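1. The following comprises the amino acid sequence and a computationally predicted model.
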Amino acid sequence: MAKHKAVVRGICRVRQSGDIELNRTKLSCQADSLDCWIHDRRSNRHHSAHGRAKIIRTYGSSGVGGSVHLAGELLKMKANLSMVHVPYKSSADSARATASGEVELSFPGIPGALPFLYANKIKALAVTSMKRVAMMASTPTLNESGVPGYDRYGWYGVLAPLGAPKDVVARLNAAISEVVNVPEMKGALNQQGLEPQTNTPEQFATFIQGEIAENAKLIKLIGLKAE
């Protein structure tokens, strides 16, 4: 998949930052933060005679092989954690599982997590993007929480069929870019955890190819196989 070249023409995209959430009943240290959680889990490992961790924690996602699953695996590698992946059917389901205590940690998108956050059933520990999210400005990034270089987020884009006239694509790009940056529209998107990031069709196509290459590399590193 990483070898495929520009099978579609990109028009524009909208970023959705994922957030990391924790069941409130699971945290044993006093600091309600992700770096505290990581330290807590490392400190309470049970080791075998060879010094390797035997207890494996759990994290939830919206499905095997999806972007949220890969986000969890990347956190495992960068933070040197042992966690078992538990897939659910949606982000909302993984947030619900975190709230009920089925899993310790989850990576749902902000829209699916909002009902549980508002009900104070889960705690947003960090966002997975490099920059903080406007609607959750007080929530740090993973990069700020002891996992340097972490930057993953979901996104939505508008695509046109291969071979679409360039002038049509350019007009669509200009129109969509204008609409999503209207203050009222931008504010509505921000309230759902979405942040418009407009660019040119060529820049979007390059971004997609970069995403494919990065995901292919991560999939290979974790040994994920197609089922």
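-> Now that the structure is in, tell me what you want to look at. Residues are numbered from 1 along each chain as shown.
2. burial count for residue 194?
-> 24 (other C-beta atoms under 10 Å). Glycine gets a C-beta too; all of them are placed from N, C-alpha and C.
3. Look up phi and psi at it.
-> phi -110, psi 140 (degrees, to the nearest 10).
4. do you know how far it is from residue 185?
-> Distance of residue 194 to residue 185, given as C-beta to C-beta, to the nearest Å: 10 Å.
5. Mind giving me the packing neighbours of the longest helix anywhere in the chain?
-> If you go by DSSP state H, the chain has its longest helix at helix 201-222. Packing partners of helix 201-222 (3 or more C-beta pairs under 8 Å, 6 or more residues apart in numbering; DSSP states H and E): strand 9-16, helix 67-79, helix 166-180.
6. need those in JSON lines with mean pLDDT and mean neighbour count, can you?
-> Shown next, in JSON lines, are the helices and strands packed on helix 201-222 (pLDDT from 0 to 100; neighbours: other C-beta atoms under 10 Å):
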{"stretch": "strand 9-16", "mean pLDDT": "45", "mean neighbour count": "22"}
{"stretch": "helix 67-79", "mean pLDDT": "89", "mean neighbour count": "20"}
{"stretch": "helix 166-180", "mean pLDDT": "94", "mean neighbour count": "14"}
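7. Looking at those, which is nearest to residue 136?
-> strand 9-16 (12.3 Å; C-beta to C-beta).
8. looking at it, residue 141 is touching residue 148, isn't it?
-> No - look at residue 141 against residue 148 with C-beta atoms under 8 Å: they stay out of range, at 10.2 Å.
9. Those two - which one has more neighbours?
-> Between residue 141 and residue 148, counting by other C-beta under 10 Å, residue 141 is the more crowded of the two (21 against 9).
10. Export the helices and strands packed on helix 201-222 to TSV and append columns for distance to residue 87.
-> TSV is the format used below for these (distance: least, C-beta to C-beta, whole Å):
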stretch	distance to residue 87
strand 9-16	19
helix 67-79	7
helix 166-180	32
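11. Now do the strands in the protein.
-> With strands called from DSSP state E, the chain shows them at 9-16, 19-23, 57-61, 83-87, 105-106, 122-127, 154-160, 194-197.
12. What's the mean pLDDT across the fifth one?
-> Read it as strand 105-106. Averaged across strand 105-106, pLDDT comes to 86.
13. gap between it and the chain center?
-> 11 Å (C-alpha atoms, centre = their mean, to the nearest Å).
14. strands paired with it, and their directions?
-> Applying DSSP bridges to the sheet, strand 105-106 is found paired with strand 19-23 (antiparallel), strand 57-61 (parallel).
15. lowest confidence element among the helices and strands of this protein?
-> Of all helical and strand segments in the chain, the minimum by mean pLDDT, DSSP states H and E falls on strand 9-16, at a mean of 45.
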